[in-house]
Structure formats: C-alpha cells, structure tokens
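Undergrad: 3D, please:
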Amino acid sequence: MVPEAEAQDVLDELHRLRARVPLLTGALAASTDGLIVAQDTPGIEAEGVAALTAAALGVSIRMADATGRGGFRELLIRGEKGYIATYAAGSSAVLTLLAEDRINVGRLHLEGRRAGARIGEVVDAAQDPADRPVPPRRPQQSGALPRRTTPPDPT
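TA: Take a look at the predicted model:
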C-alpha cells in the first residue's frame, strides 16, 4: 500500500485541510479499493466510510462512463445534516470529506480538489512502479516544425 512516511504526509495534508476549512468534520484518504491511507475522522468509523467510498466510487465511475462524461473527478452527497464529498486523488486514491450543512460548497470544492491533487501526487509517487496504471500511449509526432511557405516576391 503506502509506506508510513508517505501516509504521514497524507495525514499532515488532511490536518492542514481541516485547519483551512473549519466546517469540515472529517477527512479521509483511501485507496480506490477501500483501504485507509490516512484519516482524521473523529467520531466516525473510518474503515466503514472507506469501504462505502470505494462502493460509491465504483458506481460513479460506471455512471460517468455510461453517460460519456469522462473519468471520475468528484462526487457530492447532501444529507439532512451535511455533505459528503469525494474527490479523485491521483490514479489510485480518493479523498472523502465530511462537512457541516452550513459549509460554502464552492470553498469545499476548491479546497477538496487542491488537497486531492496533492494527496494524489504523494500516493502515486509512493506506488511500486509495477502497481502503477499504464498511461495511454500518445500518438507518434514528428519533432520537425511545419514548413512555412512564403509567397513569391512580386517585384
């Protein structure tokens, strides 16, 4: 999974995120298969939330694919007492945030997306190269610049 040093970096990011956004009540980083990387979720059973996040992620990925909306980026759930927001964090992790109902959802998205990107960088860099997803091949391109033609001089 993720080595201890990198898991501590992820936990530090979760603490900074909770300090920046006071209406967050919890933050959890997990692998896409539901294993906890780091969590700051007082009063919440983190293992259960990580497993449910993986299940919701699976449905979200299939829904985005079936509707032609591209790869998964985020999921927002609003309950009577607040929000649950899940953000892609690199190629193999997700960030789930729990927030009070009074939160500014725009700020939640802004901070969640930024933190997800940073956590994704840490988790992806810590992965064994054999476990990393293979990026799609880019079409071969010539290194030469296109020729510029100039019209003949009329004089």
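Undergrad: So the nearest residue to residue 61 once chain neighbours are set aside: helix, strand or coil?
TA: Leaving aside its sequence neighbours, residue 61 sits nearest to residue 72 (C-beta to C-beta, 6 or more residues apart in numbering; 4.8 Å). C-betas here are computed from N, CA, C, even on glycine. At residue 72 the chain is in coil, as set by DSSP: H, G, I helix; E, B strand; the rest coil.
Undergrad: ok, now which ones touch residue 72?
TA: By C-beta atoms under 8 Å, 6 or more residues apart in numbering, the residues touching residue 72 are 57, 60, 61, 64, 88.
Undergrad: Surely the fourth one is in a helix?
TA: Yes. Remark: residue 64 belongs to a helix, assigned using three-state DSSP.
Undergrad: list the contacts for it?
TA: So residue 64 contacts 70, 71, 72 (C-beta under 8 Å, 6+ apart).
Undergrad: How much space separates the residue nearest to the second one when sequence neighbours are not counted from residue 118?
TA: Taking C-beta to C-beta, 6+ apart as the measure, residue 71 lies nearest to residue 64, with 6.9 Å between them; neighbours along the chain are not counted. As for residue 64, its distance to residue 118 is 23 Å (criterion: C-beta to C-beta, to the nearest Å).
Undergrad: shouldn't residue 18 be in contact with residue 40?
TA: Yes. Using C-beta atoms under 8 Å, residue 18 is in contact with residue 40, at 5.9 Å.
Undergrad: and for these two, which residues touch both?
TA: Shared contacts of residue 18 and residue 40, defined by C-beta under 8 Å, 6+ apart, comprise residue 27.
Undergrad: Assumed residue 96 was part of a helix.
TA: No. Residue 96: not assigned to a helix; according to three-state DSSP it is strand.
Undergrad: That one and residue 67, how far apart?
TA: With distances taken as C-beta to C-beta, residue 96 is found 22 Å from residue 67.
Undergrad: Over to residue 118?
TA: Separation of residue 118 from residue 67 (C-beta to C-beta): 29 Å.
Undergrad: Counting neighbours, what do you get for the residue nearest to residue 47 when sequence neighbours are not counted?
TA: What sits nearest to residue 47 in space, not counting adjacent residues and going by C-beta to C-beta, 6+ apart, is residue 36, at 6.5 Å. As a burial measure, residue 36 scores 20 neighbours (other C-beta atoms under 10 Å).
Undergrad: With that, I have no additional questions.
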